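Enquirer: Any chance you could fold what I've pasted below:
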Amino acid sequence: MFKAVVASCTAGLMLAAASPAFALCSSQGLELMKSLNGAWKGRGAVTPIGGSPERIACRISYSLAGGDKINQIIVCAGTAWKIEAASRVTCMGNRVEGLFEEKVAHNTGAVTGSIDGNQLIFDADSPHFRGRFHVTFKETGSHAVSITQFDSAKGRQVPVASVQLTR
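Expert: Numbering: from 1, shown residues only. Coordinates of the predicted model:
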């Protein structure tokens, strides 16, 4: 369960692929995607449902593809685990949509969401994880990711991870 939570948290740091048949990204969406382009590193914590917090370190690389897509490669590690993942997201207007793949826990799923001001807000859904992600751009060269996961025992979303990233 811990591995699935951590893998799924990493998915929240990721965005993924969608059908190219949709309209192109809005100017607001393109600006946010351009601000992600490049290499990032950061630290934070993950707390699986029913578990204890663990410090994490992450390296994330984003690259723009075709004006409305962004590719991502992510590696995060804590004391007890490591995550390796890849994704691609397509922006359509102010919406994002696609799929992600987490390689260590062999977890894949769908991502849908929106761009609103300086935030990407999206939901991830896979066989091992249902959660919501808030990616907030604080300033040039800095963004934060907070992740909640659906806890079926409580019937609601609960906080499970937070990471601060810089260039």
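Enquirer: what are the bridge partners for the nearest residue to Arg130 once chain neighbours are set aside, then?
Expert: Closest residue to Arg130 apart from its sequence neighbours, by CB to CB, 6 or more residues apart in numbering: Phe150 at 4.1 Å. C-beta here means a position set from N, CA and C on the backbone, and glycine is covered the same way. With DSSP bridges as the criterion, Phe150 is bridged to Gln157.
Enquirer: Repeat that for Ala57.
Expert: Ala57 forms beta bridges with Arg43, Ala77, as assigned by DSSP bridges.
Enquirer: Check the gap between Leu120 and Ser114 for me.
Expert: 8 Å (CB to CB, to the nearest Å).
Enquirer: counting contacts, what elements does whichever helix or strand Val96 is part of pack onto?
Expert: In the assignment (DSSP states H and E), Val96 maps to strand 95-102. On a contact count with 3 or more CB pairs under 8 Å, 6 or more residues apart in numbering; DSSP states H and E, strand 95-102 meets helix 2-13, strand 82-92, strand 107-116, strand 119-126.
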